[in-house]
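>>> Give me the fold of what follows.
(chains A and B)
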Amino acid sequence: MTQPVEIKCVVNGKPVTGSCEPRTLLADFLRENLNLTGTHVGCEHGVCGVCSVAVNGHAVRSCLMLAAQAHGAEITTIEGIARNGQFHPVQKAFHENHALQCGFCTPGMLAVSIDFLSTNASPTEEETREALSAVICRCTGYQNIVKAVMAAAAEMRGETVRSDESELAHV
Amino acid sequence: MSKAERGFVGQSLLRREDQRLLTGEGQFVADIKLSGMLHAVFVRSQVAHGRIRSVDLSAALAAPGVVYAIAGPDLAKVLTPVPDAQLALPKKWTTRVQHKFLNPQQPLLAHDKVRHVGEAIAVIIAESRYQGEDAAELVMVDIDGIDAVVDPQAGIADGSPVLHEQYGTNLIGDFTVSKGNVEAALKSAPHRLKRRFHHHRYGALPMECRGVVSAYDKRSDTITIWSSCQVVHWLRREASTVLDMPEARIRSVALDVGGGFGVKGHVYPEDLLIPYLAREIGRPIKWVEDRHEHLMSACHSRDQIHEVDVGFDDDGRLLAFNDEFYVDCGAWNPIGSGIAYNTAVHLPGPYKFDHFSVRSRIVATNKVPNAPYRGAGRPEATFAMERMMDLIARELNLDPAEVRFRNMVPAAEMPYSLGLPYRDGEPIVYDSGDYPESLRLALDGIGGLEAFRERQRAARAEGRYLGLGIGCYVEGTGVGPFEGATIRIDPTGKVYLAGGACPQGQGMETIFSQIVADAWKVNPKDVVVSLADTSSISIGFGTIASRSTVTLSGAIHGASDSLRKKVFAIAAHMLECSTEDLELRNGAVGLLGVPGKEISLASIAKAARPGWDNNRPAGMAAGLEETAYFEPPTVTWAYATHAAIVEIDAALGRLEIQKYVIVHDCGTVVNPMLVDGQIHGGFVQGLGGAVLEEFNYDSEGQLLAGSFMDYLCPGASDVPHVDLIHMHFPSPLNPLGVKGVGEGSAIAPPVVIANAVSDAFSERGVEFNDTPVRPEQIVRAVFEV
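This next block holds a predicted model:
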């Protein structure tokens, strides 16, 4: 049996250490070793993008990366996106624009959207669709996800976005 | 006016589900961790058809971490496979429709033969998933191959290999349903057209694959099954049989479910085998399907061949429609007559004509079983009828829109009796709506028919190909037999709902809280919702067939009506007034016309409690809880028209959708934002099936899609924006007036695309009568002509 590897990294702002088999996927390390089950696994072969997390600020498919490769990295999963009980503008826009249904692809969509908006603050619909094609969603038909990402971009640029009155909005 | 006074039904409330799903706090079946939990990995057949000679598990059993392993032949000795059974069908149906069904029952593991690539033969139980997968590779399976059946028409010809040898035939379903005299009407019709249509095999592919976790508790002799499933009560019923345990000792739960779309709408062998093994081994077991397994073992759908013969007059009016169609059913038929009969009775669509006959043959083939997927037989029917509408138009040199207007049931004739029975056995009556208006609105939505034809002519003069595709359909929704709801007034005054529906992303916790809020004049925040858990309500049906909003809202009304009487009686007793003088307001029962004179629901709940100092009227039973079952009289008919403008690059076969409009009617809308979301999603799934997705098999029955690299799901950049136009004719068949909306928009896109591309090349006489419509098909069709 192969020697386990020791991994030290920062996950959602907290230093963590873990030990796993060298072949352990980052997705499995996050879910099984760190109990961060908000990262979902949709295909395990790097196509669907559902398992995407931020590694050193960029969206990465955690099923195509070994946990060992994350040694020393800074990782943000869906559990770490909201800060101080406040939704990130992208989370807020997903909620307000009904950009999620079953929520299974949502962790990947959030990771990819946040990475995308850090490189393009004023995307067109076409650019947004191109970026979102990194993640497959079977529920929404993407229309409201595109809308949400563009609304989040506007909010992050400091433009006022009127959100619908909500009885149930919280956080 | 406050929201409570206006009512919450009809408002786009944001979803209460979102909070957990946006922060990683949702819980899907794969997220469950239990003390001592083991992991299951299946060994699946790599050949399509063959007799199992032997399965050698010895190396696997010796592998690190392996706790247990069993193969089909050994399992069959300890757990006798369920015998083949008669298909359960309503009597009203069996007496009206000429039919013959054979109903082979799939064993939990294949034990005598394998019948499709992907069929489970053995299962390994290990301490970790990684160890289980290592061990599964060590299993030696010896199979004596038999020729595969991959074509349903060849499969029922003499000399074909037979999957289920006890029957001596692959024809496992055959029925005919008709009205009028189609043969005579075809003979005397001024015009006739015959065509063969093939609607190819594709499937639901939810982002969350299937998964089951089960834990047996020895002390209480109870078992819990968590399954990513649309039908928890059905699962408990089957588990009761397999485990030989009373239903009362079984709890079946679906947590957050990552999409279903029908593929999780019935019970699979894994759903039953995992609990059985958890009890045998005495430790919890988890099985989470991987995507490769999902492609070859979760049910596929569509896959029908239609041979249609129509007769029509000089004006393009349909006189007679005859269809013989074949369902490529795969190795087993988990839903029996469901899909094929849906296809049969949805063929007439929104059109009025007198002579109709359809014969359906369901054929067993060496492929993954065919089960409902969003639309469930309707896309195939709509494809056949709507292609025919366009072909009639072409034959008579009329516009396809005009031919549809001439054939549609006029609004003045609603409700319209179709003259055929639905699968619940009731006569089909299109209950409400205006079909021609939906087509008019769709044509307006694309910028007007004449304006488009002008643009199309101008484009053709420049060598560009524009096409218009139209697809109209009607859809029976909210099918019975029933759904159950329990309403309880909590001691805190909150209103509790338990329902038999099982959500997979529809936002049911939100919409049912809106419905309960209106029934009790409380805020949706004060409604506690429990769904998809057999421990919350003992009799439920589940979520399939665009039924939950219709059937559970009916049950909520039934339970609320009974409970309200009791609440009012207690309040009247406490206020010393008549129940006639009372109304629900602000989470309380108030005296009419006397503001401030109110007794809170919390106080009434306390008064209703059994025991000392209760405050019930004499003779009234204690407690504030009612359960009701809504048994819909029959289905309610939603309908829609889709219209698309496409441009084709003839050299590359590239299809660009310039405009796509959906006009639909789902009656009263509970939450418009969520209805739009359902339509967007169904549209893209339908479009994916039309232009990208395909389960292909080779002549030996090998499945050629092994990953998302070869099964192409549409991405955000593959699909256009869709415009929605809403019509609202409330259904007369349920208290809220709702019609189902979950499946609808997946029905029309395949034929809309086929019609649009055919229209673009109409001058060349090109016809697209098969799906998918991809660049290779377009280029071939255009250059062959």
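
>>> next one: whatever helix or strand residue B:684 lives in to chain centre, how far?
Secondary structure assigned from DSSP states H and E places residue B:684 in helix B:672-691. Relative to its parent chain, helix B:672-691 has a centroid offset of 13 Å by C-alpha atoms, centre = their mean, to the nearest Å.

>>> so who does residue B:334 touch?
For residue B:334, the contacting residues are B:106, B:266, B:267, B:268, B:299, B:369, B:371, taking C-beta atoms under 8 Å, 6 or more residues apart in numbering or on different chains as the criterion. Any C-beta I mention is one placed from the backbone N, CA and C, and that applies to glycine too.

>>> And the buried ones among the residues you listed, selectable in PyMOL?
Selecting the buried subset of the contacts of residue B:334 in PyMOL, with 16 or more other C-beta atoms under 10 Å in any protein chain shown as the burial test, is done by:
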select buried, chain B and resi 106+266+267+268+299+369+371
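
>>> and of the contacts of residue B:334, the nearest to chain A?
Proximity to chain A was ranked across these by C-beta to the nearest C-beta; first place goes to residue B:299, at 15.2 Å.

>>> what about residue B:604, neighbour count?
Using other C-beta atoms under 10 Å in any protein chain shown, the number of residues around residue B:604 comes to 24.

>>> Can you give me the neighbour number for residue B:672?
Residue B:672 is flanked by 14 other residues according to other C-beta under 10 Å.

>>> so what's it up against?
Under the criterion of C-beta under 8 Å, 6+ apart, the neighbours of residue B:672 are B:10, B:11, B:12, B:726.

>>> Show me where the stretch 501-650 of chain B has its strands.
Using DSSP state E, counting those that start in this stretch, the strands of the stretch 501-650 of chain B run over B:527-531, B:582-585, B:588-591, B:598-600, B:625-630, B:636-649.

>>> Out of those, which is the most enclosed?
Among those, the stretch with the highest mean neighbour count (mean count of other C-beta atoms under 10 Å in any protein chain shown) is strand B:636-649, at a mean of 26.

>>> Only the buried residues of whatever helix or strand comes next after that strand, if you could.
From strand B:636-649 onward toward the C-terminus, using DSSP H and E, the following helix or strand is strand B:654-665. By neighbour count with 16+ other C-beta under 10 Å, strand B:654-665 contains the buried residues B:655, B:657, B:659, B:660, B:661, B:662, B:663, B:664, B:665.

>>> Could you say which helix or strand holds whichever residue of chain A sits closest to chain B?
Scanning chain A for the residue nearest chain B gives residue A:38, at 2.0 Å (criterion: C-beta to the nearest C-beta). Secondary structure from DSSP H and E places residue A:38 outside every helix and strand.

>>> Any idea how many residues pack against it?
When neighbours are defined as other C-beta under 10 Å, residue A:38 has 28 of them.

>>> try residue B:231
As a burial measure, residue B:231 scores 27 neighbours (other C-beta under 10 Å).

>>> Can you check the pLDDT for the closest residue to it other than its chain neighbours?
Once flanking residues are discounted, residue B:231 sits nearest to residue B:542: 3.4 Å by C-beta to C-beta, 6 or more residues apart in numbering or on different chains. Reported pLDDT at residue B:542 in the predicted model: 96.

>>> do the same with the one 3 residues further on
Per-residue confidence at residue B:545 stands at 90 (pLDDT).

>>> need the contact list for it.
With contact taken as C-beta under 8 Å, 6+ apart, residue B:545 is in contact with B:372, B:376, B:477, B:478, B:479, B:740, B:743.

>>> now the closest residue to residue B:215 other than its chain neighbours: how far from residue B:267?
Sequence neighbours aside, residue B:284 is the residue nearest to residue B:215 in space, at 3.9 Å (criterion: C-beta to C-beta, 6+ apart). For residue B:284, the distance to residue B:267 equals 20 Å [C-beta to C-beta, to the nearest Å].

>>> Give me the below-cutoff pLDDT ranges for the chain.
Going with chain A. The model of chain A has pLDDT under 70 over residues A:1, A:160-171.

>>> right idea, wrong chain: chain B
Judged by pLDDT under 70, the stretches of chain B that qualify are B:1-5, B:785.

>>> 90 instead, please
For chain B, the stretches with pLDDT under 90 are B:1-6, B:80-90, B:96, B:613, B:764, B:781-785.

>>> Could you list the buried residues of the helix holding residue B:684?
Here helix B:672-691 shows B:673-691 as buried, counting by 16+ other C-beta under 10 Å.

>>> Kindly report the same for stretch A:5-18.
By neighbour count on 16+ other C-beta under 10 Å, the buried set for stretch A:5-18 is A:5, A:7, A:9, A:10, A:11, A:12, A:16, A:18.
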